[in-house]
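Undergrad: show me the folded form of this:
(2 chains)
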Amino acid sequence: MKMEEKHLSGPDNTRLEVILPRTDFFVFIFAYLIPVLHFVLFILQALIQDVYSELVEDACLGLCFEVHRAVKQGYFFLDETDQDSIKEFEIVDQPGVDIFGQVFNQWKNKECECPNCKRLIAASRFAPHLEKCLGMGRNSSRIANRRLATNNNISKSESDQEDNDDLNDNDWSYGAEKKAKKRRPDKNQNSPRRSKSLKHKNGELGTSVSLDPYKYNYNAGISYESLGPNEIRSLLTTQCGVISEHTKKMCTRSHRCPQHTDDQRRTIRLLLLGPSAPTLPDADVEGDSFDIPNGQALLSRLQWEDFPDVSPTDSASSKASTNYSDSKRPKKKKRLDVSLISGGGGVNMTGVSSSSCQSSISLSTKKKKPKTAAPSVSSIYDELN
Amino acid sequence: MVVVFSLFDADRLPNLARSGISPTNTMNKEARLKASINQKLTETGERDRLKELLRAKLTECGWKDQMKAQCKDVIKQKGLEHVTVEDLVVEVTPKGRALVPDSVKKELLQRIRAFLTQHAS
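TA: Numbers count the residues shown, from 1 in each chain, chains lettered A, B, ... in the order given. Here you go, the predicted structure:
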């Protein structure tokens, strides 16, 4: 059609004559091509079929060769055996039984008698039970150590418990704390991260708070509050004794322990034993220089460390006495209460910082601090007096 | 129309037009076409791919195991020692052709057609 239009541009009789044969030609071509088209499609289809059947025959032939070789080599009938064996190893298809005919968890219900404690234990629980019972596995020693540590603390802290309010107050009772602590997985205790942060923060003045001060509770160390003054003195003469921020325990390493400096050791001795106490074998007492210029910083540091506060006005002896007489109290509460008393007395800053310290610690331990702080203040005053 | 022109050379159409659609001519054309297609299949590696595809599909659908059972029958019939390749081929191939599942057949045909339309010279 397009070609016709082109020729129409020049109206010529001769041109018009050309047009007609053109149309005729097209019709002719069209009529001619249809059978060809048909034919071509046919051929195409036939070709496709040819290719396909060739492929299939190839596959069949391949199979025949394979079978024939297997027959001639003698391994064609290898998978067949005698009837008896076939019956014996037939696939089982019954409910409750696997394809071999075995019952699933058949031994689950069996009970075994533990040779140690003579109890009947379920079979699947037998191995872990034995581990704990004999005290030989990895976990059992860990648990035993933990139990020893907490038993020590509990027995010491509960030894002179006078105020039942504190015990009944679940927020602050040591047992609840322990439970909350226990939920943390064991793996946190000995991770390298933990020891690294300990190295950085141990005994440093005014360092950042670990929001969860009881995260690292079971470090190797001694809790100073459970010891009498003589014991502390003897300990301090032999050991480093610097109290870790995280665990609130004394370092049990030697005087030359790399984690703590001599200054820290001096400070500790001063705090625990009073300014008159004997000091490190190789250092002088410089307690005053620590107290007075860094009063505020020291206060905050000591709060984080859960010390009884070293306020500039308090004497070391009163501090020491609060130490020992309040040993029964749950650690955290006692410290903060004491800090409240000593800080709240004259220094506003301390009070603010203590409350902030309280709130941060309360965040981490989810305990109602403000409520407990007020009533116990009076009680601690009593004790102090 | 365009498709047709693409399938045939420009010169072939005039040839056809000139000589007409005689049986010999078509047969020749067909043979030539077939040869060229076979060549194309082998050259591009499509034939091997198709073979592998077919083999995999037949094994997967269980055709091979059926055929092996048939072969076992033939062997038992003819005797283990004296069975020949020819025996197997003659007995087993027609059954094999018939036992190919429709899905496999359709897929293969489709692939071949796709190849041909793609590579038609």
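
Undergrad: what ranges do the helices span in chain B?
TA: Per DSSP state H, chain B carries helices over the ranges B:2-7, B:12-19, B:23-44, B:46-61, B:63-78, B:85-99, B:102-119.

Undergrad: can you pull the phi/psi pair for A:Cys112?
TA: phi -120, psi 150 (degrees, to the nearest 10).

Undergrad: tell me how far it lies from A:Lys118.
TA: Per CB to CB, to the nearest Å, A:Cys112 is found 11 Å from A:Lys118. All C-beta spots, glycine's among them, are computed from the backbone N, C-alpha and C.

Undergrad: who has more neighbours, those two?
TA: Higher neighbour count among A:Cys112 and A:Lys118: A:Cys112, with 15 against 7, using other CB atoms under 10 Å in any protein chain shown.

Undergrad: ok, that one to chain B distance?
TA: Between A:Cys112 and chain B the distance is 47 Å, computed by CB to the nearest CB, to the nearest Å.

Undergrad: mind checking pLDDT for the closest residue to A:Gly241 other than its chain neighbours?
TA: Distances taken as CB to CB, 6 or more residues apart in numbering or on different chains put A:Met250 closest to A:Gly241, at 4.6 Å, once the chain neighbours are dropped. A:Met250 is assigned 80 on the pLDDT scale.

Undergrad: the lengthiest helix in chain A packs against which elements?
TA: Longest helix in chain A, counting residues (DSSP H): helix A:13-73. Using 3 or more CB pairs under 8 Å, 6 or more residues apart in numbering or on different chains; DSSP states H and E as the contact test, the elements touching helix A:13-73 are helix A:2-8, helix B:2-7, helix B:23-44, helix B:46-61, helix B:63-78, helix B:85-99, helix B:102-119.

Undergrad: ok so, going back, okay if I get the helices of chain B as a markdown table plus mean pLDDT, mean neighbour count and distance to A:Gln102?
TA: Listed next are those as a markdown table, based on pLDDT from 0 to 100; neighbours: other CB atoms under 10 Å in any protein chain shown; distance: least, CB to CB, whole Å:
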| stretch | mean pLDDT | mean neighbour count | distance to A:Gln102 |
| --- | --- | --- | --- |
| helix B:2-7 | 46 | 12 | 65 |
| helix B:12-19 | 48 | 13 | 73 |
| helix B:23-44 | 85 | 14 | 53 |
| helix B:46-61 | 94 | 16 | 31 |
| helix B:63-78 | 92 | 16 | 28 |
| helix B:85-99 | 92 | 16 | 38 |
| helix B:102-119 | 91 | 15 | 38 |
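
Undergrad: now those helices as JSON lines including distance to A:Ile34?
TA: Listed next are those as JSON lines, based on distance: least, CB to CB, whole Å:
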{"stretch": "helix B:2-7", "distance to A:Ile34": "10"}
{"stretch": "helix B:12-19", "distance to A:Ile34": "13"}
{"stretch": "helix B:23-44", "distance to A:Ile34": "16"}
{"stretch": "helix B:46-61", "distance to A:Ile34": "31"}
{"stretch": "helix B:63-78", "distance to A:Ile34": "40"}
{"stretch": "helix B:85-99", "distance to A:Ile34": "34"}
{"stretch": "helix B:102-119", "distance to A:Ile34": "20"}
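
Undergrad: make CSV out of those and add distance to chain A.
TA: Listed next are the helices of chain B as CSV, based on distance: least, CB to the nearest CB, whole Å:
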stretch, distance to chain A
helix B:2-7, 6
helix B:12-19, 7
helix B:23-44, 6
helix B:46-61, 5
helix B:63-78, 4
helix B:85-99, 4
helix B:102-119, 5
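
Undergrad: ok, the nearest residue to A:Cys251 once chain neighbours are set aside to A:His255 distance?
TA: Spatial nearest neighbour of A:Cys251, chain neighbours left out: A:Cys240 (4.3 Å); criterion: CB to CB, 6+ apart. Per CB to CB, A:Cys240 is found 6 Å from A:His255.

Undergrad: these two: which is more packed in?
TA: Applying other CB under 10 Å to A:Cys240 and A:His255 shows that A:Cys240 carries more neighbours, namely 27 against 17.

Undergrad: tell me the SS of the more buried one?
TA: At A:Cys240 the chain is in coil, as set by DSSP: H, G, I helix; E, B strand; the rest coil.

Undergrad: quick check: A:Cys133 vs A:His68, distance?
TA: 67 Å.

Undergrad: okay, these two: which has more neighbours?
TA: Under the criterion of other CB under 10 Å, the comparison of A:Cys133 against A:His68 puts A:His68 first, with 20 against 17.

Undergrad: leaving out chain neighbours, which residue sits closest to the more buried one?
TA: B:Val85 (4.9 Å).

Undergrad: spit out the residues that contact A:Cys240 and A:His255 alike.
TA: Shared contacts of A:Cys240 and A:His255 (CB atoms under 8 Å, 6 or more residues apart in numbering or on different chains): A:Arg265.

Undergrad: rewinding a little: mind checking which of the helices of chain B is nearest A:Asp58?
TA: helix B:46-61 (6.1 Å; CB to CB).

Undergrad: tell me what that closest one is packed against?
TA: Going by 3+ CB pairs under 8 Å, 6+ apart, helix B:46-61 lies up against helix A:13-73, helix B:23-44, helix B:102-119.

Undergrad: residue contacts, A:Cys240?
TA: Residues near A:Cys240 by CB under 8 Å, 6+ apart: A:Met250, A:Cys251, A:Thr252, A:Arg253, A:Ser254, A:His255, A:Cys257, A:Gln259, A:His260, A:Arg265.

Undergrad: near chain B, which residues of chain A?
TA: Counting by CB under 8 Å from any CB of the partner chain, the positions of chain A adjacent to chain B are A:32-33, A:35-37, A:39-40, A:43-44, A:46-53, A:55-65, A:67-68, A:71, A:76-77.

Undergrad: can I have the buried ones of those residues as a PyMOL selection?
TA: Remark: buried members of those, expressed as a PyMOL selection using 16 or more other CB atoms under 10 Å in any protein chain shown:
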select buried, chain A and resi 33+36+39+40+43+44+47+48+51+52+55+56+59+60+61+63+64+67+68+71+76
